[in-house]
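Here is the input, now give the coordinates:
(chains A and B)
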Amino acid sequence: MESTVQTFANVVIIQVDGRIDHSTAPEFGSVLLPQVEGCAREEKKLLVDLSKVNYMSSAGLRVLMIAAKGCRKQEGQVVVAGMQASVREVFKIGRFDMVMDSYPTVRDALAAISPAAAAIYVDR
Amino acid sequence: MQVPKILPRTEALTIDAVAHCTDFAGAQARQAGFAAARVDEVELVVEEVVANICHYSYGDRLGNVELVCRVTDGPRLELEFADAGQPFDMLSMPEPDLSVDIDQRGLGGVGVPMMRALVDQANYRRDGERNLLFLVFDSACRLAGPSQVG
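Coordinates of the predicted model:
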């Protein structure tokens, strides 16, 4: 699993590449969870780009849940974008549609959560 | 006289059983001719089952997890998990209510619904001092394929 973190305006985009399973979930957590700090209202929002993730087990969902609960406490927001079909099904089984919003692409997500970030976003 | 066939089997200590058993089952499914998406589904379940055995059956203490695999016509993949921990039947675990608000939800609870969604047959029995969990996977994918994005 590899990851990159980029900031556009008030949005931190965490892009993950590879499998998020029992072995790699701690690494996913070590990248995502520190970003929860300061994630409050419009000040800072988190976007997890899963378009390059081809496998996510419940260990990955657990990390997303910790992030979502942390953001909720601060009135912040974490969303996901670009889920491949198999990952989206796992998301659905876990009823994560009740936990966080998801969008087809990063651009769609930015347009919904931060027009300022959408305006300056450059796809790598 | 028919020579009994030796079935592929593996075992691992709980400390690395999840990755070890997941890799083993995935390799067996691939070898049986399962599509990549169905191999992922097998791996999702095995990861879940073994993590639960380590946590509930062994109470996160050191123990041994054994996995025997059989491929039958179809193809179908039959997996039998054995452990020597306390009695633990994952199939009778209550399904948590995942439709509640995030504040009311725990961090987990996805394992049981995941297994119900992806496995074609499941049985559990306690055999002496061992838990035996038997799972069957048909080759047909239960979830959507991996290629679409949305």
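
what pairs with the top strand by length along chain A, and is each one parallel or antiparallel?
Secondary structure of chain A read by DSSP state E shows that its longest strand is strand A:45-56. Strand pairing for strand A:45-56, using DSSP bridges, gives strand A:11-20 (parallel), strand A:78-81 (parallel).

what's the following helix or strand after the shortest one?
So the one you mean is strand A:78-81. Toward the C-terminus, strand A:78-81 is succeeded by helix A:85-93 as the next helix or strand (DSSP states H and E).

Check which residues of the host helix or strand of B:Leu132 are buried.
Per DSSP H and E: B:Leu132 is located in strand B:130-138. Of all the residues in strand B:130-138, those buried under the rule 16 or more other Cβ atoms under 10 Å in any protein chain shown are B:Asn131, B:Leu132, B:Leu133, B:Phe134, B:Leu135, B:Val136, B:Phe137. Every residue, glycine included, has its C-beta placed from N, CA and C.

what does that strand rub up against?
B:29, B:34, B:38, B:41-42, B:45, B:49, B:53, B:57, B:74, B:76-85, B:87-91, B:115, B:118-126 (Cβ atoms under 8 Å, 6 or more residues apart in numbering or on different chains).

Name every strand pairing with that strand and say which way it goes.
strand B:76-83 (antiparallel), strand B:121-127 (antiparallel).

mind exporting that strand as PDB, just the C-alpha atoms?
Written as PDB, here are the backbone C-alpha positions of strand B:130-138 (Å, rounded to 0.1, in the frame of the first residue of the first chain):
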ATOM      1  CA  ARG B 130     -11.500 -27.700  19.000                       C
ATOM      2  CA  ASN B 131     -13.600 -25.300  17.000                       C
ATOM      3  CA  LEU B 132     -14.300 -26.400  13.500                       C
ATOM      4  CA  LEU B 133     -15.700 -23.900  11.000                       C
ATOM      5  CA  PHE B 134     -16.600 -25.100   7.500                       C
ATOM      6  CA  LEU B 135     -17.200 -22.700   4.700                       C
ATOM      7  CA  VAL B 136     -18.100 -23.300   1.000                       C
ATOM      8  CA  PHE B 137     -17.500 -20.800  -1.800                       C
ATOM      9  CA  ASP B 138     -19.000 -21.300  -5.200                       C
END
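
Point out where the chain drops to low pLDDT.
I went with chain A, as the question did not name one. A:124 (pLDDT under 70).

that's the wrong chain, I meant chain B
Applying pLDDT under 70 to chain B flags residues B:1-4, B:144-150.

Spatially central residue for it, please.
B:Val46 (3.0 Å; Cα atoms, centre = their mean).

With chain A instead?
Nearest to chain A centroid, counting by Cα atoms, centre = their mean: A:Val48, 2.0 Å.

returning to that earlier point: tell me which residues of the longest strand of chain A are tucked away?
A:Lys45, A:Leu46, A:Leu47, A:Val48, A:Asp49, A:Leu50, A:Ser51, A:Val53, A:Asn54, A:Tyr55, A:Met56.

and chain A, which residues reach chain B?
Within chain A, the positions near chain B by Cβ under 8 Å from any Cβ of the partner chain are A:21-23, A:51, A:54-55, A:57-59, A:61-62, A:65-66, A:68-69, A:72, A:82-86, A:88-90, A:93-95, A:98-99, A:104-105.

circling back: quick check: buried residues in the next helix or strand after the longest strand of chain A?
Using DSSP H and E, the helix or strand that follows strand A:45-56 towards the C-terminus is helix A:58-73. By neighbour count with 16+ other Cβ under 10 Å, helix A:58-73 contains the buried residues A:58-65, A:67-72.

again, but for stretch B:83-98
B:Asp83, B:Gly85, B:Phe88, B:Met90, B:Pro96, B:Leu98.

if you look at those, which of them are in strands?
Per DSSP E, the buried residues of stretch B:83-98 map to strands at B:Asp83.

just the buried residues of stretch B:83-98 now: which is nearest B:Gly111?
B:Met90 (7.6 Å; Cβ to Cβ).

okay but that closest one is in contact with B:Met114, surely?
No: B:Met90 lies out of contact with B:Met114 (Cβ atoms under 8 Å); the separation is 11.0 Å.
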